[in-house]
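Peer 1: Next input, structure requested:
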Amino acid sequence: MTVSNCGLGIADCGLVTFKSLFRNPKSKLPCGSTVMADKNLKIELERLYRTYDRTFLDSDPLGLVHGFRAGRDLEVAGLIASSLAYGRVEGIRRSIERVFELMGGEPYRFTMAFRPQGKGKKIFSDSRFVHRFTRAEDVACLIYFARQMIEEGG
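Peer 2: Predicted coordinates for the structure are as follows:
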């Protein structure tokens, strides 16, 4: 089940718990939204999937992620792309392309070899990378945290 048509974050909808929503799929949230049953959700997601196929990715930053084939590269690339997905699309795409270029086109390998005080951090600092208010050091930290998460959780 999912919350639909809320327009607000879950925290803004009051003290409704997900558990209570699962018990009563027709319940209303304080913000006036309703909960969509699993069957309706599946139908809606299938409709969206058919409507917005891969041709829509050409102008979307997510399209850059789909340039990778290996699952591990896709995961790391998706994390980086989503972390930079704010601002104008052209700027977002330029920034994501630049990070992937700095990573040598192999996000997973680069991430797993990344050392905070090593060559990887220097690559980003020397690049003078900036995406709006995100600096090279911020991307270096993200990559380091991603490496730690992969090492701990797989």
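
Peer 1: can you map out the helices along the chain?
Peer 2: 18-23, 38-51, 62-65, 71-83, 89-102, 107-113, 119-127, 136-153 (DSSP state H).

Peer 1: helices and strands around the last one, which ones?
Peer 2: To tie it back to what came earlier, the one meant is helix 136-153. Helix 136-153 sits against helix 71-83, helix 107-113, helix 119-127, with contacts defined as 3 or more CB pairs under 8 Å, 6 or more residues apart in numbering; DSSP states H and E. To be clear about C-beta, it is placed using only N, CA and C from the backbone, and glycine gets the same treatment.

Peer 1: Reformat those helices as JSON lines; add distance to Thr55 and mean pLDDT.
Peer 2: Output for these, formatted as JSON lines (distance: least, CB to CB, whole Å; pLDDT from 0 to 100):
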{"stretch": "helix 71-83", "distance to Thr55": "19", "mean pLDDT": "94"}
{"stretch": "helix 107-113", "distance to Thr55": "24", "mean pLDDT": "95"}
{"stretch": "helix 119-127", "distance to Thr55": "32", "mean pLDDT": "77"}
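
Peer 1: quick one, which of those is nearest to Phe56?
Peer 2: Evaluated over the helices and strands packed on helix 136-153, closeness to Phe56 peaks at helix 71-83, with 15.3 Å, by CB to CB.

Peer 1: Against which helices or strands is the closest one packed?
Peer 2: By 3+ CB pairs under 8 Å, 6+ apart, helix 71-83 packs against helix 62-65, helix 89-102, helix 107-113, helix 136-153.
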